[in-house]
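[1] please work out how this folds:
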Amino acid sequence: MTISNKATTPAADGFAAAHQALRADLEFQYRLTAPDPPPSPPEWLKELLEWLGEALAPVGRVISWIAGFFPDAAYAQFVLWTVLALAAFLIAWVTCNRLRFGRWRFRQPRKPLVESTLEEEDWSPEQAGVRSWLDEADTLARQGRYDDAVHHLLFRSVEDIARRRPSAVHPALTSREIAASAAIPSRARSLFTNIARLVEQSLFGGRPVAQSDWLAARQSYTDLTLAGAWRG
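    Next up, the predicted model:
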């Protein structure tokens, strides 16, 4: 059976016409052009990457050397990279603390507690309580009663110690025994001893307190009320 060319000509002509119309439609693209190449990075970036590659090359060799001791299992690689990440973090942390605080340390310095700050403020010699005690002693000293003035500071010092270190003060203890208490920091103990010694010399040694002794005892008491004398 043969097909006549006359029978297929109209269909072929219609197909050709449709194909020509489709190709003539500008909304369709039949030739795809290659995309434009991406812009090349600037020269300074290339130089920086090359420098980083050279600088980090020893680090890469060290990591490769360490990785050689681990098996190819996935868990081993995970452990390796976890350890390396922790090591890098610790190095960065210590370096940051070195830059911030001037010392190589893992922990940041602790901030003082609110209670400690309040305690230092309460025990400043500029506070009303301490100032009034000094005023009372100064009144006695202006009258020439240096013995009584120093004795007054001794009583106030014992009250200060009882507040700071309750375990160091008991009714039966003498001033010498209080001064020897290990519960009192050495700086505060030395200042209290200066006052107590003058009182002992005055009461039991018969030696009157001179003006210079009174001024020294007054300075010792002022220093005793400072928070710095109680550190340690």
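[2] from now on I want contacts and neighbour counts done on CA atoms only, so please keep to that.
    OK.
[3] state the mean pLDDT of the host helix or strand of Leu90.
    When elements are assigned from DSSP states H and E, Leu90 belongs to helix 74-101. In this model, helix 74-101 has a mean pLDDT of 76.
[4] helices or strands up against it?
    With contacts defined as 3 or more Cα pairs under 8 Å, 6 or more residues apart in numbering; DSSP states H and E, helix 74-101 has no helix or strand neighbours.
[5] in it, what's buried?
    In terms of neighbour count (16 or more other Cα atoms under 10 Å), helix 74-101 has its buried residues at 80, 93-97.
[6] and if you look at stretch 177-188?
    178-180, 183-184, 186-188.
[7] could I get the buried residues of helix 74-101 as CSV with distance to His19?
    Listed next are the buried residues of helix 74-101 as CSV, based on distance: Cα to Cα, whole Å:
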residue, distance to His19
Leu80, 63
Trp93, 71
Val94, 74
Thr95, 73
Cys96, 72
Asn97, 75
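[8] between these, which is nearest Glu50?
    Thr95 (25.7 Å; Cα to Cα).
[9] against Ala137, how distant is that closest one?
    Distance, Thr95 to Ala137, by Cα to Cα, to the nearest Å: 54 Å.
[10] pLDDT averaged over stretch 219-230, what's the number?
    82.
[11] just flag the most distant two among the buried residues of stretch 177-188.
    Taking Cα to Cα, no two of those sit farther apart than Ile178 and Arg187, at 13.7 Å.
[12] domains in the protein, by residue range?
    Using automatic domain parsing, the domain parsing of the chain gives 43-101, 115-230.
[13] so what pLDDT did the closest residue to Pro208 other than its chain neighbours get?
    Counting by Cα to Cα, 6 or more residues apart in numbering, Ser202 is the residue found nearest to Pro208 once chain neighbours are left out, at 5.2 Å. At Ser202, the predicted lDDT confidence score is 81.
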